[in-house]
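Enquirer: any chance you can model this:
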Amino acid sequence: MGIDSTYGKMLSMVDFGNVNYWFEEDRQDADNQVLLEGEKLEINLEGLKEFSSMLSEDTRFYYGHDQLNTTFIQRARYVFGKHRVITKQIQKVRHYLSDVEKTTNTRTMFADTQGKYVLIPKCNFDVEITVDSIRLLDKYDTLVLFTGDADFISLIRYLKKRGKKVILVKGGNITSDLRKEVSKVINAQNIKRNISRRKQKPGTRPGLANR
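Expert: Coordinates of the predicted model:
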């Protein structure tokens, strides 16, 4: 990937709320094999930790928790280390549906006097990642950010002024402003083999390949 000794000591920070959806729309695995009906790609936590450890001496993992994902958070702590998983309560925000959205919505719908709505989970770690990046400045020469969030541009510019490099590991498209600020971009599709695995979607049976 062209990462040499000039990058010095590296620290990885995983914005998992962003990373978790990197392969959501993919229909092929890392070997270009079509996914079967009811299958999807999910992030392999062990593979993600192994890949980040190839780059960095330390990895910090940021993700929200609620009653539905306590088992997942426990697993993340087992993989990354109890004190390397930073979490907080997920908030549920009401999103009122348009007539078009009502016909395509797959979430549980609720209703009040303003109309029908769904609850969208929100849990942003921009502040926590920014604070930790600055607090730990003397611990790294290069920050490896696993995210595609353009909100980190200000942080990246701050780090560059202090002589730090930033490697961005991203899925999907990113803004041109974000791309030009970082030292290197790693596309998640190029490391799909390392960090993803096939999984049967809940409530479905194994079937034929998607067409």
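Enquirer: residues in contact with the residue nearest to Ile186 when sequence neighbours are not counted?
Expert: Leaving aside its chain neighbours, Ile186 sits nearest to Val169 (4.5 Å; criterion: C-beta to C-beta, 6 or more residues apart in numbering). Using the backbone N, CA and C atoms, a C-beta is placed for each residue, glycine as well. By C-beta atoms under 8 Å, 6 or more residues apart in numbering, the contact list for Val169 reads Val144, Leu145, Phe146, Thr147, Ile186, Ala188, Ile191.
Enquirer: was I right to think the third one contacts Val14?
Expert: Yes - Phe146 sits in contact with Val14 when judged by C-beta atoms under 8 Å, with a separation of 4.3 Å.
Enquirer: adding neighbour count, distance to Gln114 and pLDDT, write the contacts of Val169 out as JSON lines.
Expert: Putting the contacts of Val169 into JSON lines (neighbours: other C-beta atoms under 10 Å; distance: C-beta to C-beta, whole Å; pLDDT from 0 to 100) gives the following:
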{"residue": "Val144", "neighbour count": "23", "distance to Gln114": "43", "pLDDT": "98"}
{"residue": "Leu145", "neighbour count": "25", "distance to Gln114": "38", "pLDDT": "97"}
{"residue": "Phe146", "neighbour count": "27", "distance to Gln114": "37", "pLDDT": "97"}
{"residue": "Thr147", "neighbour count": "24", "distance to Gln114": "33", "pLDDT": "94"}
{"residue": "Ile186", "neighbour count": "19", "distance to Gln114": "43", "pLDDT": "96"}
{"residue": "Ala188", "neighbour count": "20", "distance to Gln114": "38", "pLDDT": "96"}
{"residue": "Ile191", "neighbour count": "19", "distance to Gln114": "44", "pLDDT": "96"}
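Enquirer: rebuild the residues you listed as TSV, extending it with secondary structure.
Expert: Shown next, in TSV, are the contacts of Val169 (DSSP: H, G, I helix; E, B strand; the rest coil):
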residue	secondary structure
Val144	strand
Leu145	strand
Phe146	strand
Thr147	coil
Ile186	strand
Ala188	helix
Ile191	helix
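Enquirer: among those, which one lies nearest to Leu45?
Expert: Nearest to Leu45 among those: Phe146, at 12.3 Å, using C-beta to C-beta.
Enquirer: does Phe23 touch Ala188 like I think?
Expert: Yes - taking contacts as C-beta under 8 Å, Phe23 lies within contact range of Ala188: 7.4 Å.
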